[in-house]
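> Here is the input, now give the coordinates:
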Amino acid sequence: MTDIVLNLIPQYGLYVIFFVVMTACMGIPMPSSIVVLTAGALAAAGDLVIWQVVFIVAAAYVIGDQFAFLLARFLGPGLLIKLKNFQSITPTIERSEAMLAKHGWLAILLSHTIISPTGPYVSYVSGAVQTSWAKFTSVALPSSLLWTLSYCFIGYLFAGNLPQISDLVASMLIVGIALIAAIGFAIWLVVSWRKFEYEGAV
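Sure thing, here's the model as predicted:
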């Protein structure tokens, strides 16, 4: 899939980039990170224009993300039940539900930047539980722009080392997930210990 999509970029350029990023933000499996890194590299080589790449990626991200949120807001929790019929994404949806319930706006921020694979599902869950559109967008919009700028310019600045950069980004994602899990565990320990001390004092 990834090779097919990348081979289409030189011929169809921004159209392919827009389609891939938008559909990825709707939860359809697409190599959006690799495509955006490649687009940045092609801009560095002069095959694309960097500001156009940034604009197209940002627009596609926001449109796909808003579609996921508003669709879930309209259909409600029933949409999540239907999505869970697909066993391959059930763990991701459940993880997204837990993240949003526990961390609120921080879950939206992290899922649209560091833990981007959960982004579409956090958007679906946010809409399904009737999160305020203004609250969701106030976090999701700047987060999506941050993701866009980061990936576009990483590809642009390190065009000659794209395979290594792709591996580095994947490693950073794993480290980010592990770091968040460690922070969550530490918070749980502190809260549990304080609760234990309080109950002991009573």
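> The residue nearest the centre of the chain and Tyr156: what is the separation?
Of all residues in the chain, the one closest to the mean position by Cα atoms, centre = their mean is Ser116, 2.5 Å from it. Distance from Ser116 to Tyr156, counting by Cβ to Cβ, to the nearest Å: 19 Å. From N, CA and C alone the C-beta is placed, and that goes for glycine too.
> got it, and Val49?
11 Å.
> Overlap in contacts, these two.
Ala43 (Cβ atoms under 8 Å, 6 or more residues apart in numbering).
> For Lys102, the count of nearby residues, please.
Neighbours of Lys102 under the rule other Cβ atoms under 10 Å: 12.
> who touches the helix or strand it falls within?
Using DSSP states H and E, Lys102 sits in helix 90-103. Here helix 90-103 makes contact (Cβ under 8 Å, 6+ apart) with 80, 83-84, 107-108, 110-111, 117-118, 121-122, 124-126, 129, 131, 184.
> Counting neighbours, which of the residues you listed end up buried?
Buried members of these, scored by 16 or more other Cβ atoms under 10 Å, are 80, 83, 107-108, 110-111, 117-118, 121-122, 124-126, 131.
> which stretches of the protein have low pLDDT?
For the chain, applying pLDDT under 70 flags the ranges 1-11, 160-202.
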